[in-house]
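Enquirer: Kindly return the folded structure for what I paste below:
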Amino acid sequence: MMRKNHTTAQSVWRELSTGKALVRNRGGFVSMLMRKLRWLLPVLAVWGDAVPVPAGTGETHETVRIAVFSAEHIGRALPDGWKPLGFPLISGKTSYSVVGDSRFEAVIHARSAAGSGGLVYPMSLRSDSYPLLSWSWKISRTVPGSRAALRDGDDFSARVIVSFKELEKQKGSVYDRALCYVWGEGDPVDSFVPNPYHDHVVTVVAASGGDQAGDWMQLSRNVVDDYVTAFGAQPGWISAVTVMTDGDDTGVDIEAWYGPIVFSSPPAETR
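Expert: Numbers count the residues shown, from 1 in each chain. Predicted structure coming up:
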């Protein structure tokens, strides 16, 4: 995101939505862009529609469910509460829809034709109260040549990205840090890798390799612990979650499916 103050939401969106393509394709603009552009997710902070998320009830520890769908959602391109994240200067797009699934009834399906794009869920949630993130995903295959540290390898079959409001941020800033959990191709699991485009995003390799391609994989992470490992500080509130499947840097076609995404508080006996 941008650190620049006194900027309208419209101009922020115009600049940020072209960031990845410009950085990759216009070498003469790199130094200027890297000063101005930041990760796209926190642009939601200027949209003004992030809402506090209530906790679930009736379980041994409180939960917040943000990607649990039923049959009535099937066929929708945008699930309730989710917004598209696009890159206008990248010709290929990732399409999203809610499809039926034998395991979860309904899930998000992503199809990327050598393109990019995501779905974003804006929210406002205390990370210290709900540090445990769990999700399920499935991929058609891994992306050949995918490498977290390389710009030309910055494609992943599946990403779940959590952005955080800064505890100490300048007035008017829309800059957030983000943890980008990915299903990679060759990077070791549990690697923490600075994003090659954005210095306030850290890629966390949550899964790697194609042995489980075609099968559902369920994962869980402690986002507070991961944030401390990535940035050496305590996180602020969670401001958004994004799912993203992309193949624009490597030029591959890929599919992914995203099941339930849930934040939860630790069990009472561990608090």
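Enquirer: Show me the shaky parts of the stretch 101-250 of the chain.
Expert: Filtered on pLDDT under 70, the stretch 101-250 of the chain yields the residue ranges 167-175.
Enquirer: Can you report how many residues lie near Asp215?
Expert: The tally of other residues near Asp215 (other CB atoms under 10 Å) stands at 8. The C-beta positions use only the backbone N, C-alpha and C, and glycine is treated the same way.
Enquirer: what do you get for Gly92?
Expert: 16.
Enquirer: quick one: it and Ser112 touch, right?
Expert: Yes. Between Gly92 and Ser112 there is a contact under CB atoms under 8 Å: 7.0 Å.
Enquirer: which neighbours do those two share?
Expert: Contact criterion CB atoms under 8 Å, 6 or more residues apart in numbering; residues shared by Gly92 and Ser112: 247-248.
Enquirer: Bridge partners for the residue most central in space within the chain, pull those for me.
Expert: Centroid check for the chain by CA atoms, centre = their mean gives Ile161 as the closest residue, at 2.2 Å. Note on Ile161: beta-bridge partners by DSSP bridges are Cys180, Thr242.
Enquirer: which ones are touching it?
Expert: Taking CB under 8 Å, 6+ apart, one finds 41, 118, 178-181, 240-244 in contact with Ile161.
Enquirer: Please apply the same query to Ile74.
Expert: 98-100, 106.
Enquirer: again with Gly118
Expert: 84-85, 94, 159, 161, 242-246.
Enquirer: Now tabulate those in a markdown table and tack on distance to Ala213.
Expert: Below are the contacts of Gly118 laid out as a markdown table (distance: CB to CB, whole Å):
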| residue | distance to Ala213 |
| --- | --- |
| Pro84 | 26 |
| Leu85 | 24 |
| Thr94 | 18 |
| Arg159 | 16 |
| Ile161 | 21 |
| Thr242 | 22 |
| Val243 | 17 |
| Met244 | 18 |
| Thr245 | 13 |
| Asp246 | 17 |
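Enquirer: Just the buried residues of those.
Expert: 85, 94, 159, 161, 242-246 (16 or more other CB atoms under 10 Å).
Enquirer: quick check, nearest of these to Tyr227?
Expert: Ile161 (12.7 Å; CB to CB).
Enquirer: Distance check, that closest one against Glu72.
Expert: 27 Å (CB to CB, to the nearest Å).
Enquirer: If anything else comes up later, I'll come back, but that's it for now.
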